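# With the input below, show me the fold.
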Amino acid sequence: MIAKRIQPMAFQARRLYVELMFQVMGRALQAVSEVDATVQKDASALPEGFLFEMMVMPQGSSLIVEHVGNGRFHYHGNSAPRPVDLSIQFKHIAHAFLVLSFQEKTSVAFANDRMLVDGDISYAIRMTRVLNRLESFILPKLVAKRAVKEYPTDLHLPEKLMSAARIYLKVASNFVETVRA
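Below is the predicted model:
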């Protein structure tokens, strides 16, 4: 009896968590592309105007970022101005929750067939590297090692702290701008 009442609440909590994480990740992708030269270099290989989407199937939460040139991303929220070039889709909210709560690495989720890639695989790999770099900056090392395939060996504590602070500040200011608008 209690399980039947708790189950819908747990589903709703996971859905809200995934939605919030997509908002944070989208803003953080924009911020890390302004802060980190490695991300800018990886993103520069993407065509200008390239739209990336990460979403939960079929019509669930999503995030959309656009490469605007010079290795910089712009976060569009959950609505694309035109058809996306690359879409990474979680098959179920529970799968997205596992990855976004850092219980499962993106590479493991893909290997376990929990997500689909619609678009050029080389772009998907590049975006995964950008996401891994972002997670390496903004998560504590212990958590980041669980979240990314390989934690960067050249990322030392002073650089990590400074970059993380700049990223979080940009994310917070982006949230404030969104609320004001």
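
# what's stretch 137-148 in contact with?
28, 32, 36, 102-103, 105-106, 132, 135-136, 151, 155, 160, 163-164, 167-168 (Cβ atoms under 8 Å, 6 or more residues apart in numbering). The way it works is simple: take the backbone N, C-alpha and C, and place the C-beta from them, glycine included.

# If we use 6 Å, what do you get?
For stretch 137-148, the external contacting residues (Cβ atoms under 6 Å, 6 or more residues apart in numbering) are 102, 132, 135-136, 151, 163-164, 167.

# next one: stretch 77-89
With Cβ under 6 Å, 6+ apart as the criterion, stretch 77-89 contacts 50-55, 57, 62, 64, 116-119, 123-124.

# Farthest pair within these?
Using Cβ to Cβ, the contacts of stretch 77-89 reach their maximum pairwise distance at 50 and 57, which is 21.6 Å.

# the more surrounded of those two?
residue 50 (22 against 16; other Cβ atoms under 10 Å).

# residues contacting the residue nearest to the more buried one when sequence neighbours are not counted?
Residue nearest to residue 50 in three dimensions, not counting chain neighbours: residue 67, with 4.2 Å by Cβ to Cβ, 6 or more residues apart in numbering. Shown in contact with residue 67 (Cβ under 6 Å, 6+ apart): 43, 46, 50.

# Perfect, I'm done here.
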